[in-house]
Every structure is written in C-alpha cells, then in structure tokens.
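Chemist: Structure for this input, please:
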Amino acid sequence: MKYIARVAAAAALSAVFCAASASAQESRWPHVVPSKDGTPISYEVAGAGEPALVFVHGWSCDARYWRNQLPHFSKTHRAVALDLAGHGHSGMTRQRYTMKAFGEDVQAVADAIGSRKLVLIGHSMGGPVIAEAARLMPGRVIGLIGIDTFDNIEYPLTRVELDGMIAPMKADFKTGSRQFVEPMISTHTDTRLRQWILSDIAAAPPAVAISALEEMMAQYLTGEAARIFERIKAPVLAVSADVWPINHAGNRRHMASFDAAVLKGADHFLMLDRPGEFNAALEAAVRKLERAKR
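Modeler: Residues are numbered from 1 along each chain as shown. Sure thing, here's the model as predicted:
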C-alpha cells in the first residue's frame with residue numbers, strides 16, 4: 001500500500017510539474033496557426049486573465065516591437081503578440097498584403113488562444129488591421145486601442161500624394177524606407193534605438209512592405225479608412241505621440257466613441273522610446289474599456 005501511495009504521489013507531482021512546464025513553455029516559445037488563406041502566423045502568449053490583450057505591430061515591424069509590453073501586461077492579463085503575414089516569423093506567400101487579410105491573421109490568433117473577450121491594440125498600420133479584425137469578431141472585441149494611429153481617419157489623401165510616397169521605395173527600398181520613417185523618430189530618441197528601427201524596417205521584404213503600404217493608404221483614397229468604423233460597435237481609444245494633430249471630431253463622426261491620450265514629446269515608436277510612460281497610459285486605456293464593459 002505504501003508503494004502504491006508513493007507511486008500515486010509521484011504521478012501527481014509529475015502532473016503538476018508538467019502542467020507548470022507547459023504553462024512556462026506557452027509564454028516562452030512561439031506558436032503558429034494558419035490564417036484563413038493558410039498562411040502560417042507566428043504568435044507569442046504570456047500570462048492569464050481576460051480580456052486578453054492582443055498586440056498588433058505596425059508597418060514593416062513585428063512582435064519584437066512589443067518587447068517592453070508583454071512582460072508588463074502579462075502580470076494581469078493574457079498578453080499576445082503576433083507577426084502579421086510577411087513579417088517576422090510568419091509566412092510570406094501572398095501576392096497582396098491587404099488590411100482585410102491581416103485582420104484575418106489576428107482573428108486566427110484570437111481563435112487559437114480561445115479568449116472570449118479581447119482588447120485589440122494596434123500600432124501604426126496595426127490600427128487599420130485591428131479595425132478589420134474587430135469587424136470580423138463583433139461579439140468578442142470590447143475595445144480597440146490605437147497606438148499613434150487613428151489620428152485622422154478622414155485624411156484627404158490624393159493619388160498623387162500616394163504615388164509620391166511609394167515611388168522612392170520602389171526605386172530603392174532601403175533608402176526610401178529610411179527616408180519615410182526617419183521623420184517619425186524624435187531627435188531626442190536614443191541613437192542606438194533610432195538606428196535599430198531604421199535598419200530593421202529597411203531590411204523588410206520590399207514586395208511585402210510596398211504592397212502593405214499601398215493597401216493601407218488606398219483606404220484613405222476610397223474612404224474605407226473611416227467607413228469601416230461604421231460597422232464596428234466597440235469603443236476606440238488611442239495612445240499617441242504629438243507628431244501629428246488628432247481630428248477628434250472627424251473620428252467621432254464614424255466611431256462608436258473615441259478618445260485619445262497624448263504623450264508630449266514622444267515619437268511614433270513611443271512604446272519603445274518611452275516604455276514606462278507608455279505602459280501607464282496603455283494601462284489606463286485598458287481599465288477604461290474594462291469599466292465601460294461592466
């Protein structure tokens with residue numbers, strides 16, 4: 001009997017150890033899930049608790065840009081960061097990198113983690129991506145938080161402006177992309193961080209980057225950048241730098257609700273450059289959405 005008891009105790013201890021190990025591995029190792037079109041999407045999960053916070057990177061970036069957020073927010077929530085198709089460790093098989101297809105990437109990850117309540121957090125291009133994802137998951141998204149995006153969803157972009165934006169990258173992507181991004185980074189930003197961002201974005205696959213930028217900005221030509229919010233019932237918040245003015249009235253004409261917190265003196269990559277201040281502002285935004293849902 002003592003032998004049987006010892007075996008049972010060892011088995012129980014082993015089960016506990018394996019469960020703890022599996023939990024640790026969930027936060028340590030990336031996962032992969034197929035998007036709607038079969039493209040493998042890489043994502044990382046840490047922590048527990050709903051609503052789950054899903055972090056979506058910007059143009060020519062990847063999940064690493066949330067390196068200062070996942071450890072912080074996983075203390076209180078399930079925190080998830082993914083690589084959109086064509087970025088980071090995700091698949092690169094599409095001919096066109098549309099915001100709708102990126103939204104399906106987010107939906108695939110949300111389905112894989114199984115959380116019933118979600119807050120979608122998108123930086124830059126991640127803004128229109130989370131809008132597409134929210135449209136696909138109307139019953140699960142309790143709010144969207146744009147990070148230095150949604151400044152003016154009514155922006156009156158012209159075809160001439162868009163062509164002028166894209167042309168330097170088509171001619172020489174490494175040089176053109178650096179010229180495009182450099183004005184978005186403050187001269188006060190740490191030099192090493194500044195150079196890392198510029199070099200990292202310049203190393204993106206040109207075909208993916210140019211397609212994604214054209215698809216994103218074309219939404220301003222068609223009016224879809226604003227129109228999509230008329231199909232989203234969830235509230236929208238923003239944590240922004242003061243690089244560009246925010247058109248509160250224009251955004252509120254289309255969104256269920258909109259408000260923004262602005263970090264003075266921050267630049268476009270504020271989650272990297274000002275992580276402490278940024279995390280506090282993002283925490284406040286998450287709490288606001290949670291209170292509104294009660």
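
Chemist: Ile145 is in what secondary structure piece?
Modeler: Assigned by DSSP states H and E, Ile145 falls within strand 141-147.

Chemist: Could you point out the helix or strand that follows that strand?
Modeler: Counting by DSSP H and E, the element after strand 141-147 in chain order, helix or strand, is helix 159-171.

Chemist: quick one: Glu132 and Ile228 touch, right?
Modeler: Yes. Counting by CB atoms under 8 Å, Glu132 touches Ile228, with 6.9 Å between them. Every residue, glycine included, has its C-beta placed from N, CA and C.

Chemist: Which one of these two is surrounded by more residues?
Modeler: When Glu132 and Ile228 are compared for neighbours, Glu132 comes out ahead with 24 against 21, by other CB atoms under 10 Å.

Chemist: quick one: contacts of the strand or helix carrying the more buried one?
Modeler: Glu132 belongs to helix 126-136 when elements are defined using DSSP H and E. Outside of helix 126-136, the residues within contact range by CB atoms under 8 Å, 6 or more residues apart in numbering are 54, 56-58, 84, 99-100, 102-107, 110, 120-122, 141, 144, 146-147, 149-150, 216, 219, 225, 228-229, 231-232, 234.

Chemist: for this structure, which residue is closest to the average position?
Modeler: Closest to where the C-alpha atoms of the chain average out (CA atoms, centre = their mean) is Val56, at 1.3 Å.

Chemist: State the number of residues packed around the nearest residue to that one once chain neighbours are set aside.
Modeler: In this structure, Val56 finds its nearest non-sequential neighbour in Gly126, 3.7 Å apart by CB to CB, 6 or more residues apart in numbering. Counted with other CB under 10 Å, residues neighbouring Gly126 total 28.

Chemist: And for Thr158?
Modeler: 10.

Chemist: next one: Trp29
Modeler: Using other CB under 10 Å, the number of residues around Trp29 comes to 9.

Chemist: Count the neighbours of Ala280 for me.
Modeler: By the criterion of other CB under 10 Å, Ala280 has 15 neighbours.

Chemist: hang on, the earlier thing: relative to Ala209, how far out is the residue nearest to the centre of the chain?
Modeler: For Val56, the distance to Ala209 (CB to CB, to the nearest Å) stands at 16 Å.

Chemist: sorry, back to before: mind listing what's buried in the helix holding Glu132?
Modeler: 126-135 (16 or more other CB atoms under 10 Å).

Chemist: again with stretch 50-69
Modeler: Within stretch 50-69, the residues that count as buried by 16+ other CB under 10 Å are 51-63, 65-66, 68-69.

Chemist: Among those, which ones are in strands?
Modeler: With strands defined by DSSP state E, the entries of those inside them are 52-56.

Chemist: need those in CSV with distance to Asp190, can you?
Modeler: Shown next, in CSV, are those (distance: CB to CB, whole Å):
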residue, distance to Asp190
Ala52, 31
Leu53, 26
Val54, 28
Phe55, 22
Val56, 24
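
Chemist: Reformat the residues you listed as TSV; add pLDDT and distance to Gly176.
Modeler: Listed next are those as TSV, based on pLDDT from 0 to 100; distance: CB to CB, whole Å:
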residue	pLDDT	distance to Gly176
Ala52	98	37
Leu53	98	33
Val54	98	31
Phe55	98	27
Val56	98	24
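
Chemist: closest to Trp196 among the residues you listed?
Modeler: The closest of these to Trp196 turns out to be Phe55 (CB to CB; 18.8 Å).

Chemist: now the helices: where do they sit in this structure?
Modeler: Counting by DSSP state H, the chain has these helices, from start to end: 2-28, 70-73, 99-113, 126-136, 159-171, 173-181, 191-202, 206-222, 224-227, 248-252, 270-273, 275-293.

Chemist: Pick out the shakiest of those helices, pLDDT-wise.
Modeler: Across the helices of the chain, helix 2-28 has the smallest mean pLDDT, namely a mean of 39.

Chemist: If you drop the residues flanking it in sequence, what lies closest to Val33?
Modeler: Leaving aside its sequence neighbours, Val33 sits nearest to Ala112 (CB to CB, 6+ apart; 4.2 Å).

Chemist: May I have the residues that are in contact with that neighbour?
Modeler: With CB under 8 Å, 6+ apart, Ala112 has these contacts: 31, 33, 43.

Chemist: Sitting in strands, which of the residues you listed do you find?
Modeler: 31, 33, 43.

Chemist: in the sheet, who's paired with the first one?
Modeler: What it means is His31. Tyr43 (DSSP bridges).

Chemist: That one and Pro40 touch, don't they?
Modeler: No. His31 lies out of contact with Pro40 (CB under 8 Å); the separation is 10.2 Å.
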